[in-house]
Structure formats: structure tokens, C-alpha cells
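S.K.: would you be able to build a 3D model of this:
(one chain, ligands or ions: 1)
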Amino acid sequence: MKKLKTLAIVMAALMVVACGSEEKKESGIAIIPAENFQKNIGGKEVVLMTIKNNNGLTAQITNYGARLVSLWVPDKDGKFIDVVQGQNTIDSYMNAYELYYGATVGRYANRIANGQFTLDGEEYQLDINDGENHLHGGSKGFFTVVWDAEQVSDNTVRLAYRAMDGEMGYPGNLDVVLNYSLDDDNTLRITYEAETDKPTIVNLSHHSYFNLSGAGKETINDHMLKLYASNFTPTDENLIPTGEIWTVYDTPMDFTEFHAIGDRVEEDYEPLVIAGGYDHNWVLDQADGVKVAAEIYSPESGILMTVYTDEPGIQFYGGNFINGTDRTKDGNGTHGFRSAFCLETQNFPDAPNHENFPSAVLRPGEKYERVCYYAFGIKK
Ligand code: BGC
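M.R.: Numbering: from 1, shown residues only. Prediction:
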């Protein structure tokens with residue numbers, strides 16, 4: 001009798017497991033197990049958290065670099081597909097060739113020439129990690145640190161980090177709080193807050209590599225992009241802005257109407273040749289307030305992503321440096337040249353060294369507050 005009872009319990013358990021995995025397969029959502037991210041780095045525990053909205057959209061976020069690991073959204077047939085490139089274990093993130101997958105970059109996202117700036121008459125030297133320049137906060141920027149993490153609700157996580165005075169060369173202890181929430185209007189909302197105890201500079205951004213046909217797909221050349229920007233900031237050969245602001249009209253930088261990314265990327269236009277493709281900061285036509293910055297869709301999946309922000313700029317990076325080294329999350333392939341794009345809402349690169357660019361200075365008593373929203377729908 002006892003044996004029979006045990007058998008019944010085992011069978012019931014097996015059925016639950018079987019149904020559970022079937023459900024996952026049907027919806028297309030292959031949740032990465034939280035165990036894959038269990039690791040202690042410098043005395044802090046890494047975690048992987050899963051959030052969901054009431055329509056089934058699902059995201060996974062790790063506190064290692066406050067990164068978005070996976071994001072499943074429905075395609076035109078209602079099938080959920082993961083639209084961000086990444087890694088499926090903490091070790092592979094730490095060993096990845098591409099350092100910024102899904103990461104929160106800062107204290108100053110993008111480049112600062114020679115890693116130098118002057119604030120209130122003081123000169124500061126930042127960590128140099130990109131040729132002679134400083135990129136995305138330096139070699140131990142916010143994308144490499146373990147943030148304090150809290151799952152606030154089914155659809156929201158909160159991450160916090162205190163960057164110390166002098167860390168990567170920046171002045172001031174900076175307290176950063178960041179929320180990711182997956183809301184029922186099918187929008188991933190990222191909100192940033194920061195406060196400092198000394199004058200400093202801040203520019204936080206999100207570095208997901210999207211492919212709206214699916215994270216393992218080969219190219220984004222067919223994606224149709226629209227940017228709400230009539231101007232951009234050209235750069236030198238090290239991708240440092242020259243300080244000029246150029247019109248996009250009559251150039252391959254004009255995305256004021258939808259264009260396929262691949263259509264003009266190889267044109268003989270100096271800023272494109274210098275950068276090896278699209279890798280520039282566009283100046284948003286509406287500088288202040290939350291507004292639409294970009295819309296992009298995949299004709300294959302039908303997925304349309306609309307980017308909102310209150311920042312003055314957006315970096316559209318077309319994945320020119322992705323080189324086939326890192327494996328896809330499903331392990332079936334590698335991430336190749338131009339297989340994903342980033343749309344990084346931000347202040348302008350190197351703004352602390354250009355008086356005509358928006359100020360990036362944060363002073364004690366002030367609060368840095370910014371938002372970046374990625375809203376998902378289907379292109380009609
Ligand atoms: C920059 C690229 C850089 C990449 C690194 C982007 O934000 O615009 O120039 O190579 O980050 O992943």
C-alpha cells in the first residue's frame with residue numbers, strides 16, 4: 001500500500017514536471033535557471049531574477065552589471081521570442097569578448113576623450129579602456145560590478161549601487177538606483193536615479209543588443225529604423241565627437257523616415273567610413289521631456305520597438321564590432337558582424353569636454369533622474 005502511494009506521488013510529480021516543460025516549449029520561453037548565475041564575486045552574491053507582465057512578456061535580469069539577460073516578446077503570430085543577445089551563465093558573461101551585453105553602462109556612458117575632463121577648475125583623469133580614451137565608465141565600470149538587488153514585485157526589480165569617490169577616477173560617492181519594470185502596456189521601463197556628495201559627471205545608459213527577429217538571427221540589415229533626429233554629432237577616427245553638430249538630411253544618417261539599416265550603411269560617406277558603419281549619437285529634435293526617440297521593426301517577426309526617453313541624445317550602434325567570438329544563448333551559433341543593434345538613450349558622448357553639448361554635471365543636493373522605455377508591439 002505504502003509503495004503504491006509513493007508511486008502515485010512520484011507519477012503526479014513527473015506529470016507536473018512534464019506539463020511544466022511543455023508549457024514552456026509552447027510559449028517559446030526557455031527560462032534560464034537561476035542556478036546558472038549563482039556566484040560570489042568579491043563577497044557579493046550574483047542573482048538572476050525573472051519578471052513578467054500579465055500578457056506573458058518575460059524578462060530576466062542579473063545584478064552583475066544590472067544587465068538585461070533575456071526579453072521574450074510576442075511576434076506577429078503570437079509566438080514569444082527572445083530579442084536580446086546575451087549569455088546564459090555568469091561565467092560566460094565574465095569571459096565574453098563583448099563586455100557590454102544588456103548592461104547598465106556608466107558612471108559616464110560612451111566615450112570621454114583621453115579620459116580627461118575639468119570640473120570647477122579641477123582636472124580629472126579617468127581609467128583608459130578604449131585605445132587612448134575612456135568608454136562606458138572604464139574597465140571596472142557599472143557593467144562589471146555586483147549591484148544590490150531586490151525583486152519588488154512580479155514585474156519589477158530594483159538595483160542599487162554606490163560608486164566610491166575616486167572609483168575609475170570620478171569624483172564623489174555616487175548612489176545609483178535603477179528600476180526595471182515590465183508593464184502591461186508591453187513596455188520595459190528603465191528608470192535611473194543618482195545622487196552625489198561632490199560635484200561629478202553622470203550619464204547612465206542601457207546597452208542591450210537587440211535583434212527583433214530573434215537573438216540568434218544573423219543580421220539586422222533588414223530592420224526598418226526611424227530616428228526622431230535631424231542632426232547628429234560627427235566623430236574623429238577614435239569615435240570622439242568633434243564638437244560639431246551636422247544635419248542628417250541628404251546623407252545616409254537620415255532616418256527621419258523609416259529606412260532599412262543595411263540599405264546605406266556601406267555608402268562612401270565619411271562619418272560612416274570612419275566608424276565602420278552606424279555608431280553615432282543622434283541629437284533628438286525634442287531635447288527635454290519624455291518623447292519618442294526611435295522606432296524600429298523587423299519585417300520578419302513583425303515586432304516593432306518604440307524607444308522613449310527624456311535624454312537629449314541616442315547612440316545608434318549597428319554592431320560593427322561584433323565578430324563571431326561569443327556563442328548565442330542557445331549555444332547553436334555565434335554572434336556575428338551586425339547581428340544586433342543598440343539604441344542607447346544618453347547625454348552626448350564627451351559632453352564634459354564640449355561647452356555646446358548639454359551639461360552632464362551633477363552637484364550635491366541635486367537628483368539625476370532619467371528614463372528609457374522600450375515599448376513592444378506589432379508593425380501594422
Ligand atoms: C559604442 C561602440 C562600442 C560599443 C562597445 C557602443 O555603445 O557606440 O563604439 O564599440 O558600445 O560594445
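
S.K.: only C-alpha atoms from now on, for both contacts and neighbour counts.
M.R.: Will do.

S.K.: what residues does the stretch 1-150 of the chain have near the ligand?
M.R.: Within the stretch 1-150 of the chain, the residues that sit near the ligand (CA under 6 Å from any ligand atom) are 100, 110.

S.K.: what about stretch 77-95, start to end distance?
M.R.: This stretch, stretch 77-95, spans 36 Å end to end (CA to CA, to the nearest Å).

S.K.: residues touching that stretch, excluding its own?
M.R.: 27-29, 32, 36-39, 57, 64, 69-75, 99, 101-102, 208-216, 327-330, 335, 340 (CA atoms under 8 Å, 6 or more residues apart in numbering).

S.K.: repeat that for 6 Å
M.R.: With contacts defined as CA atoms under 6 Å, 6 or more residues apart in numbering, stretch 77-95 is touched by 28, 36-37, 69-74, 101, 209-212, 214-215, 329.

S.K.: please list only the buried members of those.
M.R.: Buried subset of those (neighbour count, 16 or more other CA atoms under 10 Å): 28, 37, 69-74, 101, 209-212, 214-215, 329.

S.K.: tell me the one among those nearest to N133.
M.R.: Y101 (20.3 Å; CA to CA).

S.K.: just the pLDDT for that closest one.
M.R.: With respect to pLDDT, Y101 scores 98.

S.K.: re earlier: show me the buried ones among the contacts of stretch 77-95 that map onto strands.
M.R.: 69-74 (DSSP state E).

S.K.: flag every buried residue along stretch 259-272.
M.R.: Of the residues in stretch 259-272, 259-262, 264-265, 271-272 count as buried by neighbour count, 16+ other CA under 10 Å.

S.K.: export these to TSV and append columns for secondary structure and pLDDT.
M.R.: Formatted as TSV, those follow (DSSP: H, G, I helix; E, B strand; the rest coil; pLDDT from 0 to 100):
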residue	secondary structure	pLDDT
H259	strand	98
A260	strand	98
I261	coil	98
G262	coil	98
R264	coil	98
V265	coil	98
P271	helix	98
L272	helix	98
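
S.K.: now those residues as a markdown table including distance to the ligand?
M.R.: As requested, those are exported to a markdown table (distance: CA to the nearest ligand atom, whole Å):
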| residue | distance to the ligand |
| --- | --- |
| H259 | 20 |
| A260 | 19 |
| I261 | 16 |
| G262 | 17 |
| R264 | 18 |
| V265 | 15 |
| P271 | 13 |
| L272 | 12 |
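
S.K.: centre of the chain to the helix or strand encompassing V273, how far?
M.R.: Using DSSP states H and E, V273 maps to helix 270-275. Between the centre of helix 270-275 and the centre of its chain there are 23 Å (CA atoms, centre = their mean, to the nearest Å).

S.K.: can you check stretch 227-246 too?
M.R.: The answer for stretch 227-246 is 21 Å, by CA atoms, centre = their mean.

S.K.: where does the protein have low pLDDT?
M.R.: For the chain, the stretches with pLDDT under 70 are 1-26.

S.K.: what do you get if the cut-off is 80, keeping everything else the same?
M.R.: When residues are selected by pLDDT under 80, those of the chain lie in 1-28.

S.K.: which bits of the stretch 151-300 of the chain sit near the ligand?
M.R.: Counting by CA under 6 Å from any ligand atom, the residues of the stretch 151-300 of the chain that sit close to the ligand are D279.

S.K.: residue in the stretch 151-300 of the chain nearest to the ligand?
M.R.: Using CA to the nearest ligand atom, the closest approach of the stretch 151-300 of the chain to the ligand is made by D279 at 5.1 Å.

S.K.: that residue: neighbour count?
M.R.: Neighbour count for D279, taken as other CA atoms under 10 Å: 23.

S.K.: excluding chain neighbours, what is closest to it?
M.R.: Y317 (4.2 Å; CA to CA, 6 or more residues apart in numbering).

S.K.: what do you get for G106?
M.R.: Once flanking residues are discounted, G106 sits nearest to G137: 4.4 Å by CA to CA, 6+ apart.

S.K.: contacts only, for the one you found.
M.R.: Neighbouring residues of G137 by CA under 6 Å, 6+ apart: 106-109.

S.K.: is it possible to export those residues to TSV including distance to T187?
M.R.: Listed next are the contacts of G137 as TSV, based on distance: CA to CA, whole Å:
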residue	distance to T187
G106	23
R107	25
Y108	25
A109	23
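
S.K.: list just the nearest of those residues to the ligand.
M.R.: The closest of the contacts of G137 to the ligand turns out to be A109 (CA to the nearest ligand atom; 7.6 Å).

S.K.: surely the closest one is in contact with N203?
M.R.: Yes. Between A109 and N203 there is a contact at 5.4 Å, judged by CA atoms under 6 Å.

S.K.: give me the common contacts of those two.
M.R.: By CA under 6 Å, 6+ apart, no residue touches both A109 and N203.

S.K.: coming back round to it: what's in contact with the next helix-or-strand element following the helix holding V273?
M.R.: Next along the chain after helix 270-275, taking DSSP H and E as the criterion, comes strand 279-283. Where contact means CA under 6 Å, 6+ apart, the residues beyond strand 279-283 that reach it are 229, 231-233, 313-317.

S.K.: okay, now the closest residue to L135 other than its chain neighbours: neighbour count?
M.R.: Distance criterion CA to CA, 6+ apart; nearest residue to L135, sequence neighbours excluded, is R111 at 4.5 Å. Neighbour count for R111, taken as other CA under 10 Å: 23.

S.K.: which ones are touching K367?
M.R.: Counting by CA under 6 Å, 6+ apart, K367 makes contact with 194-195.

S.K.: which residues does the residue nearest to L135 contact?
M.R.: Contact partners of R111, counting by CA under 6 Å, 6+ apart, are 134-135, 349-350.
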